[in-house]
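A.B. asks: Make a model of this:
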Amino acid sequence: MNQQLDALLYEETNLIANLANASALVNSTYDDLNWAGFYLFNETTGELDLGPFQGKVACMHIKIGAGVVGTAFKDQQIHRVANVHEFPGHIACDSASNAEIVVPITKGDHQIGVLDIDSPSLDRFTADNEQELAEFVKILVQHID
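C.D. replies: As a prediction, this is how the structure comes out:
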């Protein structure tokens with residue numbers, strides 16, 4: 001998947017185009033997902049705004065530190081959650097989501113947002129998935145101006 005992302009984004013630096021194709025690639029590569037996409041940091045509002053995604057409708061804005069998405073962005077650490085219903089302050093944008101993994105996206109010292117992936121299955125994401133998605137984000141950042 002990561003080699004495919006690098007080839008797919010070759011010589012393209014448009015943020016929205018790259019995020020749209022990246023979310024489609026994640027969604028078509030992984031099974032058992034109900035959402036794969038991005039939240040982007042809005043410096044004006046200080047919140048995360050919905051970006052390109054594949055899946056059901058989603059929350060439009062997430063406060064920094066709220067839910068898995070806002071917490072991962074605030075901490076600047078990957079959060080892999082086996083059961084989102086046990087995560088303090090979980091935001092249920094889709095009640096069918098049971099597991100989630102969120103990877104912060106940073107270029108240099110500029111916080112761009114997060115990659116957010118949800119599954120209807122409990123404990124869907126593995127340590128191997130976490131490693132692969134961390135590398136996925138590193139490749140993605142190389143293709144963003």
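
A.B. asks: Tell me which helix or strand the spatially most central residue of the chain sits in.
C.D. replies: Centroid-nearest residue in the chain: residue 115, 1.5 Å away (criterion: Cα atoms, centre = their mean). Applying DSSP states H and E as the criterion places residue 115 in strand 110-119.

A.B. asks: quick one: low-confidence ranges for the protein?
C.D. replies: By pLDDT under 70, the chain has no low-scoring segment.

A.B. asks: right, and residue 16 touches residue 52 too?
C.D. replies: Yes - contact criterion Cβ atoms under 8 Å: residue 16 and residue 52 qualify, at 6.2 Å. From N, CA and C alone the C-beta is placed, and that goes for glycine too.

A.B. asks: returning to what we had before: ok, now which ones touch the nearest residue to the residue nearest to the centre of the chain once chain neighbours are set aside?
C.D. replies: Closest residue to residue 115 apart from its sequence neighbours, by Cβ to Cβ, 6 or more residues apart in numbering: residue 103 at 4.4 Å. Residues counted as contacts of residue 103 (Cβ atoms under 8 Å, 6 or more residues apart in numbering) are 72, 78, 114, 115, 133, 134, 136, 137.

A.B. asks: how about a cut-off of 6 Å?
C.D. replies: Shown in contact with residue 103 (Cβ atoms under 6 Å, 6 or more residues apart in numbering): 78, 115, 133, 137.

A.B. asks: That one in helix, strand or coil?
C.D. replies: Secondary structure state of residue 103, per DSSP: H, G, I helix; E, B strand; the rest coil, is strand.

A.B. asks: Distance check, the residue nearest to the centre of the chain against residue 106.
C.D. replies: As judged by Cβ to Cβ, to the nearest Å, residue 115 and residue 106 stand 12 Å apart.

A.B. asks: Okay then, goodbye and thanks.
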